[in-house]
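Q: Starting from these lines, generate the structure:
(chains A, B, C and D)
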4 protein chains.
Amino acid sequence: MDSLGRTDITMAKAAEAHTFLNDWMQTLTERSRSLLSRVRGRADNTDLVELADMLLSRRGEASGVALAQTLLAGYDRASAEVRLQFLKELAAKFGPDQQRLAVAIQAYQASPEAATMSALHAASEPRRQELFRRLNLAPGGTFALVRMREDLVDHIKANPDLADVDADFGHLFTSWFNRGFLTLQPIRWSTPANILEKIIRYEAVHPISGWPDLKNRLEPPDRRCFAFFHPQLADEPLIFVEVALTTDIPGAVGPLLVHDRGPLDPTAATTAIFYSISNTQRGLAGVSFGHFLIKQVVEDLKRDLPGLKTFVTLSPVPGFAAWLRRERDNPDSRLLDAEKKEILALLDEPRWFDNAEHREALEQLLTPVAAHYFLSARTPAGRPVDPVARFHLGNGARLERLNFLGDPSDKGLRQAHGLMVNYLYDISAIERNHEAFAENGEVVASAAIRRAAKELTRREITVIP
Amino acid sequence: MDSLGRTDITMAKAAEAHTFLNDWMQTLTERSRSLLSRVRGRADNTDLVELADMLLSRRGEASGVALAQTLLAGYDRASAEVRLQFLKELAAKFGPDQQRLAVAIQAYQASPEAATMSALHAASEPRRQELFRRLNLAPGGTFALVRMREDLVDHIKANPDLADVDADFGHLFTSWFNRGFLTLQPIRWSTPANILEKIIRYEAVHPISGWPDLKNRLEPPDRRCFAFFHPQLADEPLIFVEVALTTDIPGAVGPLLVHDRGPLDPTAATTAIFYSISNTQRGLAGVSFGHFLIKQVVEDLKRDLPGLKTFVTLSPVPGFAAWLRRERDNPDSRLLDAEKKEILALLDEPRWFDNAEHREALEQLLTPVAAHYFLSARTPAGRPVDPVARFHLGNGARLERLNFLGDPSDKGLRQAHGLMVNYLYDISAIERNHEAFAENGEVVASAAIRRAAKELTRREITVIP
Amino acid sequence: MDSLGRTDITMAKAAEAHTFLNDWMQTLTERSRSLLSRVRGRADNTDLVELADMLLSRRGEASGVALAQTLLAGYDRASAEVRLQFLKELAAKFGPDQQRLAVAIQAYQASPEAATMSALHAASEPRRQELFRRLNLAPGGTFALVRMREDLVDHIKANPDLADVDADFGHLFTSWFNRGFLTLQPIRWSTPANILEKIIRYEAVHPISGWPDLKNRLEPPDRRCFAFFHPQLADEPLIFVEVALTTDIPGAVGPLLVHDRGPLDPTAATTAIFYSISNTQRGLAGVSFGHFLIKQVVEDLKRDLPGLKTFVTLSPVPGFAAWLRRERDNPDSRLLDAEKKEILALLDEPRWFDNAEHREALEQLLTPVAAHYFLSARTPAGRPVDPVARFHLGNGARLERLNFLGDPSDKGLRQAHGLMVNYLYDISAIERNHEAFAENGEVVASAAIRRAAKELTRREITVIP
Amino acid sequence: MDSLGRTDITMAKAAEAHTFLNDWMQTLTERSRSLLSRVRGRADNTDLVELADMLLSRRGEASGVALAQTLLAGYDRASAEVRLQFLKELAAKFGPDQQRLAVAIQAYQASPEAATMSALHAASEPRRQELFRRLNLAPGGTFALVRMREDLVDHIKANPDLADVDADFGHLFTSWFNRGFLTLQPIRWSTPANILEKIIRYEAVHPISGWPDLKNRLEPPDRRCFAFFHPQLADEPLIFVEVALTTDIPGAVGPLLVHDRGPLDPTAATTAIFYSISNTQRGLAGVSFGHFLIKQVVEDLKRDLPGLKTFVTLSPVPGFAAWLRRERDNPDSRLLDAEKKEILALLDEPRWFDNAEHREALEQLLTPVAAHYFLSARTPAGRPVDPVARFHLGNGARLERLNFLGDPSDKGLRQAHGLMVNYLYDISAIERNHEAFAENGEVVASAAIRRAAKELTRREITVIP
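A: Numbering: from 1, shown residues only, chains lettered A, B, ... in the order given. Presented below is the predicted three-dimensional model:
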C-alpha cells in the first residue's frame, strides 16, 4: 500500500485473483479441477451448488480458500437468473440436517441438560451459516457476501422462501459487523477520492450535486463528517453523518448547504448539527450502526471542541405528508374537521408558500397537527408513524423543535410539506429517554411541542388503517 | 497513532477508559449508576451477574458500550475467585431460556418447516452468546474476551460444567477470527518492539534467549518471519512461523540458529524451511490458524522469490520418546524384541551419542522404529500418535525425512531422543494428501521412510494403551 | 495523520498557527512583542524588514521559530504592494556585507589559499540566504517560501533588480529539492481528493475537464500516473506524468483520452506512453525534476510490468506553428518557395482537414517541413527551436515519429497545426544520445525522420530573427 | 512500507542497489561502463576521483543517479586508506576554480553591483558542494554523505587540510537538516526495534544497560522520549531527549532510573524532567538540533498535559572535576586557600561519601565552589567553563539548583564529584535570558545559587590556563 491511499479494488484485484486461481488450479485433484474449470467459464446453478457442497466437505478443509474464491467469482459472473436460483437452493438445501436435528431433540428431551442443549443448538444451525463462514475465507469474501445479500434483499418480496437465508445473513453480519470491529474515521476533503465518490453516491437525505458541493460540505472548518468502516471493507463507508458547527439550532437546511458562506471558527461553535445520516450498504440491512455512530461522534466532538454544548439533528419527516393525506381523506377523522381540511387543501396548490396569507394560515395549523403526528399518531403496532422519529427516539433523543418550511425543496415538500424537525441528544438524558420510549412507548418532547399538540381540540390516537 | 508504531495499550488505554467511564457515568439512570459505582470499586460476583443481565436487557441497547466497559473492567480487577464464580454463573444462568426452547421444539415438531426450524435454532442459542457480542461493544472488548477465555481454559479441567461456556467462546471466536478477517504481516527487526517482545515470549519450539537471538532470527536476509494479526488485537500476533532460506533440506536445527553465519543471498535460495510455528493465544484454543498461515506464507514467498522450489518444515517429534518408553516397557511388544530393547537401553545413558559405537547402533535401530512410529503406530482413536504429525499431515504435507540427532538439546533429547523430521509442502499434492489422510487415515511419506519402516521384521499396528 | 489521508492545510493550520503564536507572544521581550503585535495586524513593509533583521540577529537564535512564523504570516496577509516592496528590500538590503567582502577579497589576494577562499565564499553569500534558511524554521515555512518566490516570478520582468533575489531562491531550492529528497508516488483514484484536485488544476498539456475525466485517466488498469513529492509539501505534487499502457505507439492523443474504452490487461501491454508531463509550482521554476521523473518511472514500470519494452512520449510541438508563420512570412525563406507557401496557405482555412484533397497535400508537405524544423531549425543561440524537443533530447531521448493531425483540438491546431511527435526513451542509448546533443548539438532522430528532412530540396539552417 | 514498521536498510537495500546498478550498467557508454566496472571491484582513489569528475561533467546530467550510486558504493567498500586519500583529494582538487574566481573578483571590483557580487559568490563556491549535491541523487545518498563526514571528523585533527571539506559538509548539512525539514517523533516501547536499538547505542549521558532498562525508560506512563528525524534518514534518530514526569524537581538521577517504581498518573504530574539529551550522528557535528528539540518538546508536553508547569533538566556537570583539579593544583589560586584545599583533598579518598563527617564538610564547601564555577569561572575566550552549561544557558534556560551527590556513579564522581544541576526552562523568560547570556555573557541563575557563590570570601574570575 502506498502512503497516499488504499489499493484499488476494481480490476487490479480481479487480475490478482485470476493469477491466484491459476496457481491453485494445479494444486487440486482431478475432480475439483474439472468443476472449477466449468465454473470459471460460465457457471450454472448446479455447479455453484456442487461447489458449495464441496466447500462444506472434507475437501473444503484443504482447499477452502480456492473453492471459496471460485464459488464467489462464479456467482459474480453468473446471470441474474442463475444467481436467484442459487439463492433459492441455499434456502431449500442448506438448512439444518433434519435427521440430526430430530436425534438432537430426542436426546435433549430424554435428558435436558447443558450438553444436549448445546448439541441441539448445533444441530439446528443451518448448513448455510458454515457455508458463509467458509466463503469468507476468500480474499474479498466479506464484501462479496454483503453483495450477495444485496441481491437477496431485492428478491425477498417476490420470494418469501428466501426469508431464512436472509435471517442467516443477518445473524452472521450482526456478529461480524459488531460495533467492536468498526472504526470511526473522519471524512475530509483529503480522504481518498474513491471513498468520497461513495459519499456522493450514498448521500440519501440531501443529495450532493457533485464534487464542488461535496467539497463545500467537507472542507470548511465548521463542517465535519464521520463514517464507520470495517477492516474488511476498507474502501466502503458503512454509514456516515454530516455535521455543521453553529452557534444556534437551525430550522432550515438551506443556509447550511449554501456555498460561499463565511465559515465559523470551530472553537467558537456551541452547537453541532447532525443534518444528514445515511446508511450505505443495503446488504447490511438490519445491522444497526446509527446510534453507535451518533454517540461516538458526540463523544469525539466534545473532546476535540469543548465549547460544544448542544448536539442536535436537523431531520426530515418522511412519513408526514402521507399520513396527513390519509387523515385528510378520512371522512371520520377525529383530528381534522371540515374547516381544517379546507385550510389544508391549500397545500395542494403549487408553491402555496408564495402566498403570505396562505402560508400563515398553514403554519398556524400545520404546527399543532405535526405535534400530534409525533406525539399521538401510532402505527397499528403502536409505534410512532415516522421512521426517522422512531430511530432517534429509540436512541434516547428528545423531539426538540418543529420547523415549518425548513426544507422547501421538491423532496421536502413532497414528503413533509417542507416540515423539518430537530432531535436533541442530551447525553445526560439518553438512557432515561430510551427507557421511557422502549418500555412505555412515551415520546419525549420539548414543552413547546407538547403545548402545540394540545392546541388541537381533539387529541385522540389515530391509527393508520 | 504516530508513524513510528502503534499506540501502547497498557496504562494509556486504562487512563482513557477511565475518563470515558467518568463521562458516561453522568449519562446513566440512578440504578445503573449505583451498580456501576459498586463495580468500579471491587466487584463481587453478584454485581457482575447483575451487570450482565442489565447488558442483555433493554437498558443495554441505550447504554451498551458503558455497561460492557464496566463489566469487563470489573472482571479485570476482580480476584481469581470472583472470576471463577462469574464463569460458573455464565454456565449456570446464561444458557438458553428453557421454556422458550420447549415451545420452539413443540412448534417445530407440529410443523417442521423453515420458519420453525429457524425459531428453534434461535431459542436454543445460549444467552451467553448475545452477552459476549454485547461485551464486544466495549473498546478493547475482543481482547478482554480472549483473556476471559484464557481464565476459563485454566479452570476447565477442574470444572467440567464450564465446558458449554467454552464451546460458546469457541463458536464465537471461530466466526470472529475467521481467516478472512486476519492479515498476514512480516515480522522484522523493524517491527515495533512491543510486538517483538511477544515473539520472544511466545516462541514455543526453539526458545529465543533474548533480543540478540531474536535479531539473529529476523535481520539476516535469508531469514523470514510471518504472523497473523486480527484488526482488533493489533499488538498481538496470533500465530507466527519462522523461516530459514537455504539451498538444501537441513536435518538439524542447530546450524540454522547459530549466530555469525555468513547469510545467503535470498535470491539464490531454493528451499524455505519452516523451523518453528507457535500459537500465542491460549484464549483462542481450538481456532485453527496454522494451515492457513503455512499456505499463505508459501504463496507469498513463491511470489517474492521465484527461485524457491521446496517448502519444508524442520519439526520436533514431541510424542516419540514417550511412545518408545511404553513400547520398551511393554513385555508383549510385537515391535521390540529383547535384543532391540537391549540396544535401546543405551538411550538411558547420559550423552550416549558421545560414544561412536553406541551412536551408530542406535541410529541403525531408531530410524526404522521411528518410521514405524509415524506410519503404523496409532492412538486408540486410530490416529497417528504424534501431534505435530497430525497437524502437518492433516494440512496435506508429506512426511519427507527422519533426522537422527537433529536436535540434541535437552528438550530435544527428552521428547524424541534428538529426532527431528521434515514435512514437505508440495502445493500440487496438498489436496490429494489431505484427502488420503482425512478419509483413509493414510500417512503419506517418502519412499525412503516407507522402506525404513519395512526393515523392522514385525510391523503390526501398536496401540497406545 | 489519520489513515484516510493527510491533514488539511487551510484553516486548520491557520488556527493552529494562531494558537502557537499566542503562546509564543508571552515568551518574548517587550520589543519583540510590540513588533509582532504590529505585524499581526496589518504589516507594512518596514515591519517586515525589521522582523527580517531581528531574525538574522542574535534574538533570532532564541526566538527564531516565532519570528519566522510571524514574518511569513505578515507577508501572507500583506497587500500585493507591500509584498513587492518587501521583495525589493530583499534585493536592496540583504545582499552580502560589502565591507566584509572587500576585506575577504584583500585577504584572499594577499594569500590565495583554502582558508581565505572559504572566507571569501562566506563573505560573498547574500544575507538573504541565511534569512531564507531561518524563515524555513517556521512550520509550513518551505511552502511559504515557494509561494513568495511565485510572487517574485510575477514581478521579475517589470523589476529586473529582483533577479538576484530570484537567483538566491533558485540556489536554495535546487539544494532543498534535490532529487534525493523527493519521493515518487503513484497517483490513483484512491489518492486523497485534495491532491487530485491539484492534478486537475495543474494539468497543462491536455486539460482535464472535471472529476469524471480525471477518473478516466487514473482508474482504468491500463493507465498510470506518478508524481514527485517533497516531505515538506506533502499535499503538493511537484511534477507529474500521465501514462497510458498500450500495444503500439499511438500517433494521436484522442483515442487515449476517450471514455468508455475497453481497457487493456496491463500485463499484456508492451508500450508505455508518456502523454502528459506537467510542472506544478511556478515558485520552483528552474529546479529540474522532469528527467529524474521520467527515468524513475521507466525503472518502476519495467520492474512491475516486465512485458513493457517501449517507453515513448506522445508530445505536443508548441513552437511549430509560430516558427512556420515566420518562415511563411519571410520573403527570403530558403525553405519555402512560392509553391510551398501556396499549399501552406490552406492552413489558414478553418477546418482545412475536412477537405480530403487539401489534407493530403498538406500532409505531404508538412511532414518534411516538420522534420526540418526539428533537425535543422535553430534559435539564435543555436539550439532547437522547440522547447519540448529541447527537454526530451536533453534527457537523452530520440525523436521517433511525426504524427500529422495527432491533436486536432483548438489548442493543437493553434500551436502546431495538429502535429504531435513521439520521443523514444531507450534506456540503453540515453547517455550516448545525451552526449551527442549536449556536446555537439546533434538531434538524434529515427531514420524515417532523417529521410523526411532530406525530401525538402533546400535544407539550410534557418535562424529565428 | 508495511504497517508494522519501516523497511530494513541493511542487506535488503544492498541487494536492491545491486540490481539497480546492473540495470544501469547497460545504459552507459563504453567509457562510463569500464570505469564503473573497476569501481565495483575494489575502487582505488584514482577511480573515485575520476568518477567525481565525471559526475560533475555533462555526463553527470544524464547518468547522475548511476554515477552517484557507484561512487558512494565504491567509497563504502574502499579501505580506510583509500577513503582518506579520497577525502584529501576533495580538499586539494575540488575547491573553487581559481581562474574563474580571479576573473569574478576583477569584474566585481570594476563594477561592484548585484550581478557581479552574485557571480563572485558563485565562482567562490567549492566544486565539492556541487559534487555533494549530485552524490545526494543516489538512493540513500544523504546517509552515505553523513557517514563520509564521520570519517572526515575522525581524520581532521591529523589532517588540518581537511578543514575546508569539513566546512563544506557543515554548510550543506546545516541547510539540508534545517529544523523545518525535521519531524519530532515520540519514541515508545512500540517504536520499531531497529530504532530503539539505536537509542540504546547512542544514549551518552546515562547508559542504557539493555532492553529491559530501555523498556523501563519508555513504557511507564510517566516517562516520555522524543527524537528528531529527517525524512531521508528514517531509521536514524538525530537527537533524542528522555523525560520523566514528576511532582517535584529531583536532585538525583538514581530514583528516576530505578525499576519497579510505582508510576505516576501523568495527568497528576506538574514537572517534566529532561534527564538526558543525546546527539547521535557524529557526521552532523555542528548542526544544532538541541534547542529546537527542547522547545518543541516543551510545547508538545504543555499541550498534551496542561498540568505541567515546570520544565527542568537534571544535568551532569562534565567540566567540574577537571576545573577543580586545576584550581586545587594552582598554588596561586585566589579561590581556594590551604584550608579549603585540605578539605577538598578528602575527595581523593575512595567512597569519601560513606563517611558522614567528610561528606558534610564537603557538601558545605563544594556547593559555593560549584556556584562560583558556574557564575564566575571562564574559559580564556570568556565563556562559562562547563559545556552543558553553555548549551542550556545559550538556549535561554536558567541555572536553577545544585545537587550535591546527585549522581554517585563512577562516571558522575569522575567528572563532577557526583554533582548534578537543574536548568529551568521558563518559556516566558527564554528570550530575555538568551539575550543576557549572548550579549553580556551573564549567567542567569536562581537567587539561591547567587547567594551560595557569595559565601566564598574571594570571588574573582578564575581563568583556565
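Q: Phi, psi for the spatially most central residue of chain A please.
A: Residue closest to the average C-alpha location in chain A (C-alpha atoms, centre = their mean): A:N279, at 3.8 Å. A:N279 adopts backbone torsions of phi -80, psi 150, taken as degrees, to the nearest 10.
Q: Which residue is the nearest non-sequential neighbour of it?
A: The shortest distance from A:N279 to any residue other than its chain neighbours is 5.0 Å, reached at A:I239 (C-beta to C-beta, 6 or more residues apart in numbering or on different chains). Every residue, glycine included, has its C-beta placed from N, CA and C.
Q: Ok, A:A252 next?
A: A:G406 (4.4 Å).
Q: what about that neighbour, distance to chain B?
A: 28 Å (C-beta to the nearest C-beta, to the nearest Å).
Q: residue contacts, that residue?
A: A:G251, A:A252, A:V253, A:L314, A:G412, A:G418, A:L419, A:M420, A:V421 (C-beta atoms under 8 Å, 6 or more residues apart in numbering or on different chains).
Q: any chance of these in a markdown table, plus neighbour count, pLDDT and secondary structure?
A: Below are the contacts of A:G406 laid out as a markdown table (neighbours: other C-beta atoms under 10 Å in any protein chain shown; pLDDT from 0 to 100; DSSP: H, G, I helix; E, B strand; the rest coil):
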| residue | neighbour count | pLDDT | secondary structure |
| --- | --- | --- | --- |
| A:G251 | 17 | 89 | coil |
| A:A252 | 17 | 91 | coil |
| A:V253 | 24 | 88 | coil |
| A:L314 | 26 | 95 | coil |
| A:G412 | 23 | 93 | helix |
| A:G418 | 24 | 95 | coil |
| A:L419 | 25 | 96 | coil |
| A:M420 | 24 | 95 | strand |
| A:V421 | 27 | 96 | strand |
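Q: Residue of the stretch 251-400 of chain A nearest chain B, please.
A: When scored by C-beta to the nearest C-beta, the stretch 251-400 of chain A has A:G396 as its residue closest to chain B, at 5.1 Å.
Q: May I see the buried residues of stretch A:209-221?
A: Going by neighbour count (16 or more other C-beta atoms under 10 Å in any protein chain shown), the buried part of stretch A:209-221 is A:W211, A:D213, A:L214, A:K215, A:N216, A:R217, A:L218, A:E219, A:P220, A:P221.
Q: So is that stretch next to chain C?
A: Yes. Against chain C, stretch A:209-221 shows contacts by C-beta under 8 Å from any C-beta of the partner chain at A:G210, A:W211, A:K215, A:E219, A:P220, A:P221.
Q: residues contacting the third one?
A: If I follow you right, that is A:K215. Residues near A:K215 by C-beta under 8 Å, 6+ apart: A:W189, C:A193, C:E197.
Q: Under a three-state scheme, what state does it occupy?
A: Under DSSP: H, G, I helix; E, B strand; the rest coil, the three-state class of A:K215 is helix.
Q: And for the fifth one?
A: Secondary structure, three-state DSSP: A:P220 is coil.
Q: Can you tell me how far it is from A:F169?
A: 40 Å (C-beta to C-beta, to the nearest Å).
Q: ok, now A:K340?
A: Counting by C-beta to C-beta - A:K340 and A:F169 are separated by 47 Å.
Q: One more: A:F437?
A: A:F437 is 29 Å from A:F169, by C-beta to C-beta.
Q: And for A:R224?
A: 32 Å.
Q: more neighbours, those two?
A: Legend: neighbour count by other C-beta atoms under 10 Å in any protein chain shown for A:R224 and A:F169, higher for A:F169 (27 against 24).
Q: Now A:E89. Nearest residue, chain neighbours left out?
A: A:V49 (5.1 Å).
Q: re the thing from before, and which of the residues of stretch A:209-221 next to chain C is nearest chain D?
A: Using C-beta to the nearest C-beta, the residues of stretch A:209-221 next to chain C come closest to chain D at A:P221, 19.0 Å.
Q: I figured the closest one hits A:A269, correct?
A: No. Counting by C-beta atoms under 8 Å, A:P221 does not reach A:A269; the two are 9.6 Å apart.
Q: Pull the contacting residues for A:G394.
A: Contacts of A:G394 (C-beta under 8 Å, 6+ apart): A:H291, A:H434, A:F437, A:A438, B:E61.
Q: between these, which has the most around it?
A: Among those, A:F437 has more neighbours than the rest - 25 neighbours, counting by other C-beta under 10 Å.
Q: Tell me how many other residues crowd the residue nearest to that residue when sequence neighbours are not counted.
A: What sits nearest to A:F437 in space, not counting adjacent residues and going by C-beta to C-beta, 6+ apart, is A:L393, at 4.9 Å. A:L393 has 26 neighbours, counted by other C-beta under 10 Å.
Q: Pull the contacting residues for A:L393.
A: So A:L393 contacts A:P384, A:L399, A:Y423, A:N433, A:F437, A:V443, A:V444 (C-beta under 8 Å, 6+ apart).
Q: So what's the gap between whichever strand or helix holds the fourth one and the chain middle?
A: Just to be clear, that refers to A:N433. Here A:N433 sits within helix A:430-440, counting by DSSP states H and E. Centre-to-centre, helix A:430-440 and its host chain are 22 Å apart (C-alpha atoms, centre = their mean, to the nearest Å).
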